[in-house]
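Undergrad: I need the structure of the sequence given here:
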Amino acid sequence: MRVLASLIGIIMVTAASPSFAQERFDAGVRIGLGLAAGVPANDMPGQGVFGHYRLTDHWALGLALDTTEFDFEEPAKRLRLPVGPDDEVVDTKAKATIVSAWLERRFPRDRSRGEWFVGSGLGVSSLDVPDARGSLPGGGSFDIVTDGGTEYLVTALGGRRYRLGNRWSIELGLRAEQHFADWKLEDRVSGATRTIDDYFAYGAHLGFSIRF
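TA: Okay, the predicted model is just below:
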């Protein structure tokens, strides 16, 4: 959150500079929610900063830095350890830092404050997954270490952007993401191992931006 606050401050200072009037750039903040099928996660809320560089009236390049924190669902179950259906569920809180870039096609309309947009891009996600510890039926236990490594993302996106006055905009975006992943799990107690590979996620975000 401190990084996010600092970037907001940079945006505001830049907006007051002489280049503000050129309006080739926009930058802002956004919140979002991603959804997956439960392996490795169900819901992935996040926030970040983003910006665009306008190439023409219809094309722009986008760049974003997002962070998300989500439950890595039931790592003991992923390793097929003998966890009973009535036993306490042990999740662990994973964190991801995502850098992404995309090419965006815009569909502005004359005398309209709104425009549709679609695009596609690539991303890199750095993961931090804490260890998971818990008890097993019969007095046993597990101690699972997870190496999430680095994920690579291919993204398709689209949405609607609406101008608020001369400089500010609000947008609602939808996206679909293919994650190319290689999570490695190991239980230090039993020695059981497993990998979690590619998965699909989709989601939405709400963003506010300023042009300069």
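
Undergrad: List the contacts of the residue of the chain positioned farthest from its centre.
TA: Within the chain, Gly138 marks the point farthest from the mean C-alpha position, 39.5 Å out by CA atoms, centre = their mean. Going by CB atoms under 8 Å, 6 or more residues apart in numbering, Gly138 touches Pro82. (Each C-beta comes from the backbone N, C-alpha and C, glycine too.)

Undergrad: what does the one 5 residues further on give?
TA: Going by CB under 8 Å, 6+ apart, Asp143 touches 131-133, 187-189.

Undergrad: where exactly do the helices run in this protein?
TA: According to DSSP state H, the chain carries its helices in the segments 2-15, 75-78.

Undergrad: Distance check, the closest residue to Gln47 other than its chain neighbours against Glu74.
TA: Excluding its sequence neighbours, the residue lying closest to Gln47 (CB to CB, 6 or more residues apart in numbering) is Ile31, at 4.8 Å. Distance, Ile31 to Glu74, by CB to CB, to the nearest Å: 26 Å.

Undergrad: Same question for Glu177.
TA: From Glu177 to Glu74 the distance is 22 Å (CB to CB).

Undergrad: more crowded one of the two?
TA: Set Glu177 next to Glu74 and count neighbours by other CB atoms under 10 Å: Glu177 wins out with 23 against 19.

Undergrad: And the residue nearest to Arg30 when sequence neighbours are not counted, how far from Ser120?
TA: Closest residue to Arg30 apart from its sequence neighbours, by CB to CB, 6+ apart: Gly207 at 3.4 Å. Distance, Gly207 to Ser120, by CB to CB: 18 Å.

Undergrad: Flag the shaky bits of the chain, pLDDT-wise.
TA: 1-22, 84-87 (pLDDT under 70).

Undergrad: how about a cut-off of 90?
TA: 1-24, 57, 77, 80-90, 108-113, 134-140, 165-166, 212 (pLDDT under 90).

Undergrad: more neighbours, Gly207 and Ser120?
TA: Gly207 (22 against 15).

Undergrad: so that one touches Phe50, yeah?
TA: Yes: in this structure, Gly207 is within contact of Phe50 by CB atoms under 8 Å, at 6.4 Å.
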